[in-house]
Structures are given as structure tokens and as C-alpha cells.
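In: below are the sequence and a predicted model; questions follow.
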Amino acid sequence: MLSENGCTMGVMAFSVHPATSERFDDLADVINPNRRATHCWCLSHRLTAKQIAAFPDRESAARDLATRPNPAGVLLYDDELPVGWCSITPRSENPRLSASRLIRPIDEQDVWSIICVVVRGGHRRRGLSTPLIDGAVEHAFAHGAPAVEAYPVDNDAADGTSRIDTTMAFVGTRSMFEQAGFEQVGTTDAKGSGLPRIVMRRTPS
């Protein structure tokens, strides 16, 4: 298992850390390496459009999120290199998700929600999503989360070979989260790449 103190798996040494303000440049290197003003800064679920507009630019808004008691997520490091990002916070701190009519709560638990999983360009297809998700889940449990949810695309719902459009890849797939110990607990009315998105959950063992 991973922890925020790191661990060694095979020949690779991984560690997972909250994306605090001190690690903001590492976050940017993963999700927006060219620092493009209009590129995604993983803001839409944490801030409303009005709140984002109150900042001089989207990067400033992202920097502000990094200063909060629950930063917007965690970073995966391969030795000292940041190679992955997972947006994970309490669902209640995600205004867009909380207000969604397509992805509704399945019960009253104050779950933490995984919104986005990104592996840095040049480091994909190395199986890094599992240690990244594992580290994000352990981070949430260490901060009192009763359960962690994700809302991936169920690409098995078609023929088992359907590919997800790159614009929706950040939500992940059923198999990705199954490999990290999640189980399906519900359905949603949302779709990604024309395929249904489901509710998957992992609880402390």
C-alpha cells in the first residue's frame, strides 16, 4: 500500500503528497506544463464560474485552492519526479458535483470524491493509475473519509472494447478503479463518450 511517506513497489519508489501551495509547480508540471491560461487547471468542480472570475486568471484560482485545509487533490511522485495528479476532496466541497442532477448521492455518507485522474505525458501505460488512486484513497481515509467514490465510464457496458474520447479520459474507467479495489455501488444519468458513468466506492478495510 502507498502512504504519504512513500513506499517501494518493485524497482519503482512512489510517494503521494497533498497538492499544497509548496507543491503547486509540481501540480502544474503534471496538468498544465506549458502554463496555458485557458488550459484546464482542474477548477470546474471546486469553484463556480463566478468564483473563478474573481481571480485575475485561472492559475491564480488554482493556487488559491492549494492553500485550503483540503487541497484540491494529491500528487504521485516517481522518486522526485511528479508523474500523476488525482483530484480528491469531500464531495461537499465540490459545488458542481453537489448540485449535479446527473450524479446524485446514493446515501447520506459524507464521502470523498475522485473527480480527475491524470498521469503525466510521457509516463502513461506504466500502470501508474493504480498507485496514484491508492495514494489518494489513503490520503482521504487518513483525514476521516468514511468512503471514497469515483464516477468512471463503464466501457464494459458496450462491447468491452469501446475506447473513451481523450476529452473524457480524466474520469477513468470501471476497470481502472476495480484494479484499485473499488466496487460499483450505483448508477448515474451521466455519460462519457456516449457510455454510461457509474458510481464506484471503496471503504476502509
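Out: That came in fine, so what should we check first?
In: just give the nearest non-adjacent residue to residue 90, would you?
Out: residue 112 (5.3 Å; CB to CB, 6 or more residues apart in numbering). Placement of C-beta: from N, CA and C, glycine included.
In: any idea what that neighbour is bridged to?
Out: On the basis of DSSP bridges, residue 112 takes part in beta bridges with residue 90, residue 148.
In: where does it land on pLDDT?
Out: As summarised for this prediction, residue 112 has a pLDDT of 98.
In: can you report how many residues lie near it?
Out: Counted by other CB atoms under 10 Å, the residues lying close to residue 112 total 26.
In: what does the one 10 residues further on give?
Out: Residue 122: 7 surrounding residues under other CB under 10 Å.
In: and if you look at residue 130?
Out: Per other CB under 10 Å, the neighbour tally for residue 130 reads 15.
In: now do the helices in the chain.
Out: 24-31, 49-53, 58-65, 95-98, 129-142, 174-179 (DSSP state H).
In: quick one, which of those helices is packed in tightest?
Out: Mean neighbours per residue, mean count of other CB atoms under 10 Å, is largest over the helices of the chain for helix 129-142, with a mean of 23.
In: and the contacts of that helix?
Out: Helix 129-142 has contacts (CB atoms under 8 Å, 6 or more residues apart in numbering) with 1-4, 9, 14-16, 18, 73-74, 76, 84-86, 88, 112, 114, 117, 119, 148, 150, 172, 176-177, 179-181, 202, 204.
In: re the thing from before, ok, now which ones touch the residue nearest to residue 90?
Out: Per CB under 8 Å, 6+ apart, neighbours of residue 112: 88-91, 140, 145, 147-149.
In: what's the closest of the helices of the chain to residue 37?
Out: Counting by CB to CB, residue 37 lies closest to helix 58-65 out of the helices of the chain; the figure is 6.4 Å.
In: so how far is residue 76 from residue 112?
Out: 17 Å (CB to CB, to the nearest Å).
In: and residue 193, by the same measure?
Out: Counting by CB to CB, the gap from residue 193 to residue 76 is 25 Å.
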